[in-house]
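Asks: Sequence isn't available, so here's the structure alone:
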Ligand SMILES: Cc1ncc(COP(=O)(O)O)c(C=O)c1O
């Protein structure tokens, strides 16, 4: 039961039930859709980038608790960041959830995203947590695109 | 003979001891994997619609083939090749009797249901489907009974028509009747739905189609392990199933086709075994079933499938069906008593498959939490996205039963779902 509690932490359940920054974004200049054909999770990320900085970011779609919470916390964590900072954050996040996060300085950079550390015990759920981030990356790079985890 | 055994009163169990009617504890002994622990909990395997576990008898058959008679078939003049050919063809005869087919040449070995359907789409489609023609399928089909027809229709300029379902998950036969017309070339329908458990009235649908001279393909992937099939009684034109869903190996399956069709339609793939003679001027094709079995087949798989059919014939499909029905009723009662649960698929006639949705919890999260208790279910769209759309949900959690499951395992499932609610209530 303990690793389940570690996975489904209160903050994750809270963000999955009440996702932040959920909905369309007026004046978005980057967006992409992400899809996990295995489970049907589907998200669209809308971003307003100005001066290389993520000024606004919102998302739509549906998925499991892990992917929804990840999308929600991603919007909180990446807002105000430069594009390069956002990508670095994703790299650190990815290391965290695949159990590849030895460096202590990661903890500070990740902030709230640390609640996802339990995912490393559930390798099949890594894709759920990374889907919103892959979508974000696709949006920043290509503007309009559908990405898939497969 | 296998068939007479399966209708006698006292049945020998899988390994030869008498059971009346089914001794589940004994049956469980036949399946080595059921002794496994998963996350330190006894495995509770409730994902039988995806694939069933294999009894020792099937594992032994595979092992025996590779250790004692491994050779290619239909070509060597030596002892081993002869032995392998006899066993492979013996398996074909077993399948023939199991399905009630008139001739063993109506049994084609393929990779599985998917390949069986693709074979018909390809060979029947090439000969009999043209621009403006129509194929009928249903909204509850597995993708393998949708996509091959879409591909065919696209290639031929034909049209795919879809039979709708009601809220209980039953096909609407009046709508089916309306879709049948002089342009219809084929009806392709599942015997039992993998996502909903609905048992479709295929006998009646075949009658309706045949009244207009339209042939019917039945996707029996979810049916053969759970209900007695008699293709002559059904009068279907094609019947498809996968070995791995009936206690047999993966990579082997069956297409039954009425002789008259197998004579008429062109081969599927070209290669060895499917020819009588080859010259660069003219090649003469072999007769069915070999005409449709190009190349070296899954010999061990065919033999393993034969052993699997022998196993379930010995249990008696009627007994298995009654046991699974008991589990379905029990599980339906217990699961639907859980607050927030919605059962997806409430057909009058259902097979041992229970799809459900828990309010505010994605099925994947249910799957993960159950897995930690050793309970294996399927969570997802079950390769049947159109029917998920029909019910307005992205996915379901699905428990599906086999001969070796018990009420105690259903209890474990229920405890798991209670735990899901507990975790998500925070
Ligand atoms: C109704 C139905 N049809 C077809 C298939 C495809 O079977 P296979 O993957 O063995 O070819 C399945 C398997 O899930 C099924 O349930």
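Replies: Here it is on my side, so go on. Because the structure is predicted, anything quoted here is derived from the model rather than measured.
Asks: make it CA atoms for all contacts and neighbour counts henceforth
Replies: Will do.
Asks: Quick check, pLDDT for residue 75.
Replies: All of this is about chain A. Residue A:75 is assigned a pLDDT of 97 by the prediction.
Asks: meant chain B actually
Replies: 78.
Asks: where does it land in three-state SS?
Replies: coil (DSSP: H, G, I helix; E, B strand; the rest coil).
Asks: what sits against it?
Replies: Counting by CA atoms under 8 Å, 6 or more residues apart in numbering or on different chains, residue B:75 makes contact with residue B:81.
Asks: Residue B:108 is in what secondary structure piece?
Replies: strand B:107-110 (DSSP states H and E).
Asks: what's the answer for residue B:151, then?
Replies: helix B:147-156.
Asks: and after that helix, which helix or strand comes next?
Replies: Downstream of helix B:147-156, the next assigned helix or strand under DSSP H and E is strand B:159-163.
Asks: mind checking how far that next one is from the chain centre?
Replies: In this view, strand B:159-163 has its centroid 22 Å away from the chain centroid, taken as CA atoms, centre = their mean, to the nearest Å.
Asks: next structured bit after that strand?
Replies: Sequence order places helix B:173-179 as the next helix or strand after strand B:159-163, per DSSP H and E.
Asks: residues touching the residue nearest to residue A:123 when sequence neighbours are not counted, list them.
Replies: Of all residues beyond its chain neighbours, the one nearest residue A:123 is residue A:98 (7.3 Å), with distances taken as CA to CA, 6 or more residues apart in numbering or on different chains. For residue A:98, the residues meeting the contact criterion (CA under 8 Å, 6+ apart) are A:119, A:120, A:123, A:126.
Asks: Now the phi/psi pair for residue A:98, please.
Replies: Backbone dihedrals for residue A:98, given as degrees, to the nearest 10, come out at phi -100, psi 10.
Asks: quick one: stretch B:140-149 to chain centroid distance?
Replies: Mean-position distance between stretch B:140-149 and its chain equals 13 Å (CA atoms, centre = their mean).
Asks: does the ligand sit close to it?
Replies: Yes. Stretch B:140-149 is in contact with the ligand by CA under 6 Å from any ligand atom, via B:142, B:144.
Asks: Report the buried residues of that stretch.
Replies: Residues B:140, B:141, B:142, B:144, B:145, B:146, B:147, B:148, B:149 are the ones in stretch B:140-149 that count as buried (16 or more other CA atoms under 10 Å in any protein chain shown).
Asks: how about a markdown table for the residues you listed, with distance to chain A and pLDDT added?
Replies: Supplementary listing: the buried residues of stretch B:140-149 in a markdown table, determined by distance: CA to the nearest CA, whole Å; pLDDT from 0 to 100:
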| residue | distance to chain A | pLDDT |
| --- | --- | --- |
| B:140 | 17 | 97 |
| B:141 | 17 | 97 |
| B:142 | 15 | 97 |
| B:144 | 15 | 98 |
| B:145 | 18 | 98 |
| B:146 | 17 | 98 |
| B:147 | 16 | 98 |
| B:148 | 19 | 98 |
| B:149 | 21 | 98 |
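Asks: Would you mind listing where the chain has pLDDT under the threshold?
Replies: No chain in the question, so chain A it is. Low-confidence segments of chain A, defined by pLDDT under 70, span residues A:1, A:101-106, A:143-150.
Asks: Chain B, not that one
Replies: Low-confidence segments of chain B (pLDDT under 70): B:1-20.
Asks: domains for it, by residue range?
Replies: Chain B breaks down by automatic domain parsing into domains covering B:4-46+B:316-425, B:59-313.
Asks: For those, give me CSV that also has distance to residue A:82.
Replies: Shown next, in CSV, are the domains of chain B (distance: least, CA to CA, whole Å):
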stretch, distance to residue A:82
domain B:4-46+B:316-425, 33
domain B:59-313, 43
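Asks: Tell me which of these lies nearest to residue A:41.
Replies: In terms of CA to CA, the element of those nearest to residue A:41 is domain B:4-46+B:316-425, at 7.9 Å.
Asks: Could you report the neighbour count for the closest residue to the ligand within chain A?
Replies: Distances from chain A to the ligand, computed as CA to the nearest ligand atom, single out residue A:38 as the nearest residue at 13.7 Å. For residue A:38, the count of nearby residues is 15 (other CA atoms under 10 Å in any protein chain shown).
Asks: Kindly report the same for residue B:169.
Replies: 26.
Asks: Please name the nearest non-neighbouring residue to it.
Replies: Once its chain neighbours are removed from consideration, residue B:169 has its nearest residue in residue B:345; the separation is 4.9 Å (CA to CA, 6+ apart).
Asks: Quick check: that neighbour touching residue B:199?
Replies: No. The pair formed by residue B:345 and residue B:199 falls short of the contact definition of CA atoms under 8 Å, at 10.6 Å.
Asks: what's the closest non-adjacent residue to residue A:9?
Replies: residue A:115 (6.8 Å).
Asks: Repeat that for residue B:356.
Replies: For residue B:356, ignoring the flanking residues on the chain, the nearest one in space by CA to CA, 6+ apart is residue B:343 at 4.3 Å.
Asks: From the contact counts, what lies against the lengthiest helix in chain A?
Replies: The helix of greatest length in chain A, counted in residues with DSSP state H as the criterion, is given as helix A:126-142. Under the contact criterion of 3 or more CA pairs under 8 Å, 6 or more residues apart in numbering or on different chains; DSSP states H and E, helix A:126-142 touches strand A:30-36, strand A:41-50, helix A:65-78, helix A:83-97, strand A:144-148.
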